[in-house]
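> Here is my input; please provide its structure:
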Amino acid sequence: MRDSPPPRYLALVGFLIVTFAAAGIGSAATFPSVHTWYPTLAKPSWTPPSWLFGPVWTTLYVAMAVAAWRVWRGLHGAPAATAVVVLFGTQIALNALWSILFFGMRRPGLALVDIVALWVLLVVILVRFWRADRISGLLWTPYVAWVSFATALNAAIWNLNC
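A predicted model of the protein is given here:
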């Protein structure tokens, strides 16, 4: 019989559960509009194909959870560990809210406000993660890059349709 995983790995499972719960909320808000409303929008020529979003987001969600867990674990219960959890929770809430605003409510303008706030927070987190643990900074960087691209895409769609 195998031993249960050490508590530090249970925390990783917790970060993954929170991350994929937010992804589930975002997907629930997104799915009804992906095949109905979204295809009717004018989009820039550089819009990625729809099939790309699932694999990219799945990879990013795993990387962001691992990055946050690594920094949290490295802080060994210090007060800064609580800050990591709060920052992570805030960004994942803004991440899920974007899907609700853009796809669920079909409000690209409000979604743009949300994603700009998300991007600023992600950059703050990137700086903190980079200082605390270089691997976490590296894991977080593609997320910041993708949200940078998504922000430009959101702005272009809003501009073309409003």
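> continuing past the host helix or strand of residue 67, what's the next helix or strand?
Per DSSP states H and E, residue 67 falls inside helix 53-74. Going down the chain from helix 53-74, the next helix or strand is helix 79-99, by DSSP H and E.
> quick check: angle from that following helix to helix 53-74?
Here the directions of helix 79-99 and helix 53-74 differ by 170 degrees (axes from the mean of the first three to the mean of the last three Cα atoms, to 10 degrees).
> which other residues reach helix 79-99?
With Cβ atoms under 8 Å, 6 or more residues apart in numbering as the test, helix 79-99 has contacts from 15, 18-19, 22-23, 25-27, 29-30, 64, 68, 71-72, 75, 111, 114-115, 117-118, 121-122, 124-125, 128. From N, CA and C alone the C-beta is placed, and that goes for glycine too.
> ok so, going back, check the average confidence over the helix holding residue 67, would you?
For helix 53-74, mean pLDDT is 96.
> same thing with stretch 77-97?
According to the model, stretch 77-97 has a mean pLDDT of 92.
> tell me which residues of that stretch are tucked away?
Across stretch 77-97, burial judged by 16 or more other Cβ atoms under 10 Å covers 84-85, 87-88, 91-92, 94-97.
> With stretch 133-153 instead?
Buried residues in stretch 133-153, counted by 16+ other Cβ under 10 Å: 133, 136-137, 139-141, 143-144, 146-147, 150-151, 153.
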